[in-house]
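In: Return atomic coordinates for the entry below.
(one chain, ligands or ions: 1)
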Amino acid sequence: MYTLHDWTIVDDGKDGQAALENGNRLLVGNGYMAKRGTVEEADASSMPTIVLSGVFDKRGDMWREPVNAPDPLFAVLSMDGVPLTLASDKLSAHEQSLDFRYGVYSRKTTWDIKGAALTVSTERFASMDDVHLLCMKYTVSAVDGRLSPNVEIRINADVCDLNGPHLGNFRFEVKGRTRTLICETLEKKIPVAVASEVVESGSSSRLIEGSSYPLDLERANSVELFVFGAVWTGLDAEDPLGSAEKSVSRAKTAGWDCLLAAHKAKWDEIWRVGDVAIKGDDYAQKALHYNLYHLHIAAPRYKRRCGSLSVPARGLSGQTYKGAIFWDTEMFIAPYFLATEPTLAAQFIRYRIETLDGARRKAAEYGFRGAFFAWESQETGDDACTDFNVTDVFTGRPVRTYFRDKQIHISADVAFAVKRYVDATDDLAILKEGGLELILEVARFYLSYIYYSPERKRYEALDVVGPDEYHERVNNNAFTNRMILMVFETALSIVSFFKKRDAGFIEELTAKLDFSQDFSLMQDVIPRFYIPQPNEQGVIEQFDGYFRLEDCSLDAVRSRLKDPKEYWGGGNGVASPTCIIKQADVVTMLALFGNEYPVSVKEANFTFYEPRTEHGSSLSACMYALLACEIGRSDWAYPFFVKNAEIDITGKGKHFAGLVYIGGTHPAASGGAWLTVVHGFCGFSLKNNEIRVTPRLPSHWEEVTFRVALPDGLHEVTVTRDGWSEEII
Ligand code: BGC
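Out: Numbering: from 1, shown residues only. Reported below is the predicted structural model:
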C-alpha cells in the first residue's frame, strides 16, 4: 500500500501486482531515459525496464515500440548461493519510495538469515545533469550476526519487452574495471552502448573487478557500493561506446556525492521555474507536485543529433501505446511548458514540423492532400497506429478500430498548439521555420476531406471519430468540426498578418506549396462550414444522430459487460449503441472555445454529458474540470481535479483496452492537473506575453502561486480567492 507524504511516496507492496504498479509510481527519469521503480534484482515479470526516448524498433509483424536499454544497475544479493528476492520466505521487511522533489528512488529490504537481519538499502537516480548517467548506491548491512553474502552486479542484457526482443549482436567486454556492452537494434541497426563501473566506498575507494563480489560483513557491519552506469545510442554520438566509457569514467572521478549534488541542482532550477504552491490543501499540493515531477522526467530537454523529440502518451514509463506521441502532448502537456519553459513547448512543435512529411505521406495514403498527422506518432511521423488496435476478449481476434484513419482531429490539434504557442509568446520565428507551412498543409488536408452538401447547403466533415472513441465513423462531430474551422481561420489570419509585414515570405510559401487556389477555397468554406449548435435545452449534439441513441445509465452499460476487460467501443462494444461516451468531447470543445458560448450553454452541456461519460480516458477529467471552472463551479471541478491528479498515485487507471495492456504513467493527466489548477482555478491565460487571471479557487483553498517565464523574466503570480498579483522574481 502506498502513502503520499510531502515530496515522497512510499509503498510496502511485495507481490507481482505491486511490482507492476510501483514500476510506474516510483519511476525515475530525465527525458532521455527512465528506469522503472522495480527492485534491482527484479525479473521480467515485474517489467524492470529502462525506456529510451525516441528510439524505436519493430519486430516481425508486431507493433513498433520504444527500445529498452540493457540495465547497468542490475544487482542481486545471495546467501550460500541462494538469491534473496521479494518472493523469498526469509523476507521480513520491505519498502520502496520515491523522493519526487529530486527524482531519487530508494529501497530497503530485510531478510532473516540464521537469526541475523540482512538488509539491502539502495538509492538511485537518472541524472538530470548528465542524462546518460544512471547512478546507484547499494548498501548491505547485517545486524546480530556474522554473514558473508555475495552480490552480483552486472549489465543485464536480458531486457524484457512487450513485442521484442529488439536488440542483438551483443558484445560484452571488460576494459580494466569498466564493463561495457554494445549491441544494436534489429530493425534500423542503431547501436546501443552501456558501460558501468562499481566502486566500494571507504578510504581506499576500491574498484570492484568482476561481476560477483563477496561481501565481508564479518569485519564490517555494512558495505556500501556505488554503481555508475551510462547509456548512449548511435542517435546521440558517432561512437556511443566510447561516449559511454567516458561518461562512466567522469562519473567515477566525480563520485556519488558530487553527482547527486549536480543532479539536485538541476532539479532545484526546474522547480524554481515550474513549481506551483497551493495554500489550504495539503493533499492537492502533494499530488500536484507528484504530477509535475512526472512531466519533468518525460520532458526531452537534451538536444539529440538527429531531430527533436516530444512526450509520449505514457511518458517513458514503458512500451505501452508504442511509445507514441498522441494529441495528449499538444492539448494537455504542452500548456505547462508553454507557461514555464517555452523552449520545450517550441520543441514539441519542431518535432511536428520535422515529421510533416510523415503526415503528408499519411494524407496521400488515404487519397487526401496536405498533412494528416499520425494518430500515434513515432520518429518519422508515419502512423504507428494499426487498423486493428484492440483485441477481442472473447475470440482473441483483432478488432477493426478507426483511430488511425478517422480520428482526423489530430491534425487540427497540432495546428492548435502552434497557434496557442504563437498567441502566447509572439514568437513569429517558428511560423517562418515551418509552423505556417504546417498549418497550411493541415488546412489543405481538411479542404480535401470535407464535403459540400448541396441539399443542406453547407460543408460538413463526415465519417470521423471524435475524442469519444466509442462512437466510430460518425458525421459532424462538433469538436472535430469546430477544430477544422479554427484551422481555416488561423491559416487565413496568419497569412493576412504576414502579407502586411513580410509579403515575400507568403509569396514564397504560396508558390512552394502551390496554395493560391486553396486560399480561395478556404474563404468560400469558412462561412458555410457547419458547426453544430445548441438545441432548445442548450445542449450541442455530439454528432449527427447522437440524440437518437439509447439513452441509458453508465451502470446499465457496465452491467452488460461479460468480461471486465471487454472493449466498450467499436462494432460490438457495449457503449456503441448508447449515449454513453468514453471521454469529454463536446465538453472539450466548450473548454477550448469557451468565449464563444454563454455560461448557460456550458452548464447545460456539462450536466447533460457528465452522467453519460465513462471517463475511460485519463484525458477526460481535466476538460470537465476546466469547463466547470468556466461555469464558475470550482466545487464541480474539484473532484475531477483529484481524480486526474491521483491517477498515477493510486495506479488505478485503466490497464487494458480489450486484451491489450495499456498501463503506465499518464502525462496528459499530469498536464491536466496543472491546467486545472492554473488555467481552471486561477483562470490564467497568456496572450502576447501578457498574463491574465480570473480567480475561482475552490472554497477551501487560500492561495495559489505559480510562475510564468516571459521574455522580460520569470513572473510569479499569486492568486487568492478574490484577487491576484504579479511580480518579476
Ligand atoms: C484516448 C485518447 C488518448 C490516448 C492516449 C486513449 O484512450 O481515448 O484520447 O489520446 O488514449 O492517451
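
In: what does this structure put close to the ligand?
Out: With Cβ under 6 Å from any ligand atom as the criterion, the chain meets the ligand at residues Ala313, Tyr321, Phe326, Trp327, Asp328, Pro467, Glu469, Lys582, Gln583, Ser617, Leu619, Ala668. Bear in mind the C-beta positions are built from the backbone N, C-alpha and C, glycine included.

In: Kindly present those residues as CSV, with separate columns for distance to Glu200, neighbour count and secondary structure.
Out: Below are the residues of the chain next to the ligand laid out as CSV (distance: Cβ to Cβ, whole Å; neighbours: other Cβ atoms under 10 Å; DSSP: H, G, I helix; E, B strand; the rest coil):
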residue, distance to Glu200, neighbour count, secondary structure
Ala313, 42, 26, coil
Tyr321, 41, 26, helix
Phe326, 46, 28, coil
Trp327, 49, 24, helix
Asp328, 44, 27, helix
Pro467, 55, 26, coil
Glu469, 54, 27, coil
Lys582, 54, 22, coil
Gln583, 52, 23, coil
Ser617, 49, 21, coil
Leu619, 48, 25, coil
Ala668, 44, 27, helix
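
In: between those, which is closest to Glu726?
Out: Relative to Glu726, the closest of the residues of the chain next to the ligand is Ala668; by Cβ to Cβ it sits at 28.2 Å.

In: Relative to Tyr661, which of the residues of the chain next to the ligand is nearest.
Out: Within these, the smallest distance to Tyr661 is 9.9 Å, found for Tyr321 (Cβ to Cβ).

In: so what's that closest one up against?
Out: For Tyr321, the contacting residues are Pro312, Ala313, Arg314, Glu376, Ile662, Gly664, by Cβ atoms under 8 Å, 6 or more residues apart in numbering.

In: now for those residues, which pair is the farthest apart?
Out: Maximum pairwise distance in these, criterion Cβ to Cβ, is 14.0 Å, between Glu376 and Gly664.

In: Assign a three-state SS to Phe368, would you?
Out: When the structure is reduced to helix, strand and coil (DSSP: H, G, I helix; E, B strand; the rest coil), Phe368 reads as coil.

In: can you start the count at 37 instead of 1 from here on
Out: Understood, numbering begins at 37; the last thing we discussed is Phe404.

In: Per-residue confidence, the residue nearest to it when sequence neighbours are not counted, what does it come out as?
Out: Here the nearest residue to Phe404 in space, its sequence neighbours aside, is Ser484; by Cβ to Cβ, 6 or more residues apart in numbering that works out to 4.4 Å. Ser484 is assigned 98 on the pLDDT scale.

In: tell me which element Ser484 falls in.
Out: Under the assignment given by DSSP states H and E, the secondary-structure element containing Ser484 is helix 472-485.

In: Which strands and helices lie in contact with that helix?
Out: Contacting helix 472-485 under the criterion 3 or more Cβ pairs under 8 Å, 6 or more residues apart in numbering; DSSP states H and E are the following elements: helix 378-390, helix 392-401, helix 445-461, helix 514-537, helix 539-549, helix 552-561.

In: List just the nearest of the contacts of Tyr357 to Asn186.
Out: Checking the contacts of Tyr357 against Asn186 with Cβ to Cβ, the nearest one is Gly700 at 34.6 Å.

In: Looks like that closest one contacts Leu63 (just checking).
Out: No. With contacts defined as Cβ atoms under 8 Å, Gly700 does not count as touching Leu63, sitting 9.1 Å away.

In: okay, and the common contacts of these two?
Out: Gly351, Ser353.

In: These two: who's more crowded?
Out: Neighbour totals were compared for Gly700 and Leu63, and Leu63 leads with 29 against 26 (other Cβ atoms under 10 Å).

In: Quick one: residues contacting that one.
Out: With contact taken as Cβ under 8 Å, 6+ apart, Leu63 is in contact with Ala70, Lys71, Arg72, Gly73, Leu134, His330, Ile333, Gly351, Leu352, Ser353, Thr701.

In: circling back to that earlier point, what's near enough to touch the residue nearest to Phe404?
Out: When contacts are counted by Cβ under 8 Å, 6+ apart, Ser484 is found next to Ala399, Phe404, Arg405, Gly406.

In: tell me the domain ranges of the chain?
Out: Taking automatic domain parsing as the domain assignment, the record places the domains of the chain at 38-285, 311-764.

In: Distance to His299 added to the ones you listed, as a markdown table?
Out: Written out in a markdown table, the entries for those read as follows (distance: least, Cβ to Cβ, whole Å):
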| stretch | distance to His299 |
| --- | --- |
| domain 38-285 | 5 |
| domain 311-764 | 12 |
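
In: Any idea which of those has the lowest pLDDT on average?
Out: Within the domains of the chain, the least confident segment by mean pLDDT turns out to be domain 38-285, at a mean of 93.

In: and the end-to-end length of that one?
Out: The first and last residues of domain 38-285 sit 37 Å apart, counting by Cα to Cα, to the nearest Å.

In: now it, how far from the chain's geometric center?
Out: Centroid displacement of domain 38-285 relative to its chain, using Cα atoms, centre = their mean, to the nearest Å, is 23 Å.

In: re the thing from before, so the residue nearest to Phe404 versus Leu549, what's the distance?
Out: For Ser484, the distance to Leu549 under the criterion Cβ to Cβ, to the nearest Å works out to 13 Å.

In: so of the contacts of Leu63, which ones are in helices?
Out: Counting by DSSP state H, the members of these that fall within helices are His330, Ile333.

In: show me the contacts for the nearest residue to Pro371 once chain neighbours are set aside.
Out: What sits nearest to Pro371 in space, not counting adjacent residues and going by Cβ to Cβ, 6+ apart, is Leu711, at 5.7 Å. Applying Cβ under 8 Å, 6+ apart, we find Leu711 in contact with Phe368, Pro371, Tyr372, Cys658, Leu662.

In: neighbour-wise, which of those leads?
Out: For the contacts of Leu711, neighbours were counted using other Cβ under 10 Å, and Cys658 has the most, 32 neighbours in all.

In: does that residue really touch His702, like I thought?
Out: No. Cys658 sits out of contact with His702 when judged by Cβ under 8 Å, with a separation of 10.5 Å.

In: Roughly how far does Leu464 sit from Arg386?
Out: Taken as Cβ to Cβ, the span from Leu464 to Arg386 is 15 Å.

In: Of the contacts of Leu711, which is the nearest to Glu274?
Out: Ranked by distance to Glu274 (Cβ to Cβ), the contacts of Leu711 are led by Tyr372 at 34.7 Å.

In: what's the distance between the closest one and Ile389?
Out: Distance check for Tyr372 against Ile389: by Cβ to Cβ, it reads 21 Å.

In: Equivalent analysis for Glu188, please.
Out: Separation of Glu188 from Ile389 (Cβ to Cβ) stands at 47 Å.

In: same deal with Leu120?
Out: Relative to Ile389, and taking Cβ to Cβ, Leu120 is found at 51 Å.
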